[in-house]
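Undergrad: no sequence on hand, only this structure:
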C-alpha cells in the first residue's frame, strides 16, 4: 500500500532512528568513493587521509593543535572546523564572528556558523550543528571529506584555468610572430 500523510507522520520512532545510521553510511561511502576518484588514486582514501589533509590545512592557516581522531573533544568548540573552512574557502568565513567556543552557547554559535560557512563555500552539507558540538565522528568525516572535495575541485579548476591561459598566450605569441 502507498504511504499516506498520517502513516508517515505516525511512524514509530524506531523506524526513523534506524534510517539515519544507514543514511550516514551511504553518504560516507559515496563521499570516500568520489574523493578517491577525484584524487586519481587507485587506493581508497581513508579517514586517516582526510584527517591528515585537514591537519595540514589547519596548520597552514593557524597554530591550532592537530586532531588525532574524529572524536577529539577539541572539535566540539567549532573553532577547528571554522579554521578548516577558512583554509579551503577564505572568503566564506569571517573570523570576527568566531567565538572561543568555551561555553555551550559559544560552541552552538560556532557550529551553526560552520554549517552556514560550509554551505556558503559550496559544500553539500548533511551534518547538523549538533553533530559538531557532539563530535559525531561519521558526520564530521563526511563534513571534512566534502571540504576536501571542494579543495580538490578548486585546485583542478585553477590548473585548468592556468592551462587555458598558457594556451591563449602561446596562440597570441604565434600571432605576433606571423605579423598580426
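TA: Perfect, thanks for sending it. Computed from a prediction, not measured in an experiment: that's the story for all the values here.

Undergrad: quick one, helices of this protein?
TA: 5-9, 13-39, 47-61, 79-88, 104-121, 129-133, 137-177 (DSSP state H).

Undergrad: just how off-centre is the second one within its chain?
TA: It stands for helix 13-39. Helix 13-39 has its C-alpha centroid displaced from the chain centroid by 14 Å (C-alpha atoms, centre = their mean, to the nearest Å).

Undergrad: that older thread, need the helices of the chain in TSV (columns: mean neighbour count and mean pLDDT).
TA: C-beta here means a position set from N, CA and C on the backbone, and glycine is covered the same way. Shown next, in TSV, are these (neighbours: other C-beta atoms under 10 Å; pLDDT from 0 to 100):
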stretch	mean neighbour count	mean pLDDT
helix 5-9	9	57
helix 13-39	13	69
helix 47-61	17	94
helix 79-88	25	97
helix 104-121	19	97
helix 129-133	19	96
helix 137-177	15	79
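
Undergrad: quick one: the residue nearest to the spatial centre of the chain and residue 168, what's the gap?
TA: Residue closest to the average C-alpha location in the chain (C-alpha atoms, centre = their mean): residue 147, at 2.4 Å. According to C-beta to C-beta, to the nearest Å, residue 147 and residue 168 sit 32 Å apart.

Undergrad: still on that earlier bit, just list the residues touching the nearest residue to the residue nearest to the centre of the chain once chain neighbours are set aside, thanks.
TA: Once flanking residues are discounted, residue 147 sits nearest to residue 88: 5.1 Å by C-beta to C-beta, 6 or more residues apart in numbering. Applying C-beta atoms under 8 Å, 6 or more residues apart in numbering to residue 88 gives the contacts 57, 121, 147, 150, 151, 154.

Undergrad: could I get the helices of the chain in CSV, plus columns for distance to residue 97?
TA: Below are these laid out as CSV (distance: least, C-beta to C-beta, whole Å):
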stretch, distance to residue 97
helix 5-9, 37
helix 13-39, 27
helix 47-61, 16
helix 79-88, 9
helix 104-121, 6
helix 129-133, 14
helix 137-177, 18
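
Undergrad: what's the closest of the ones you listed to residue 94?
TA: helix 104-121 (8.3 Å; C-beta to C-beta).

Undergrad: list the contacts of that closest one.
TA: By C-beta under 8 Å, 6+ apart, helix 104-121 touches 76-79, 81-82, 85-86, 88-89, 92-93, 97-101, 125, 127-130, 132-133, 143, 146-147, 150.
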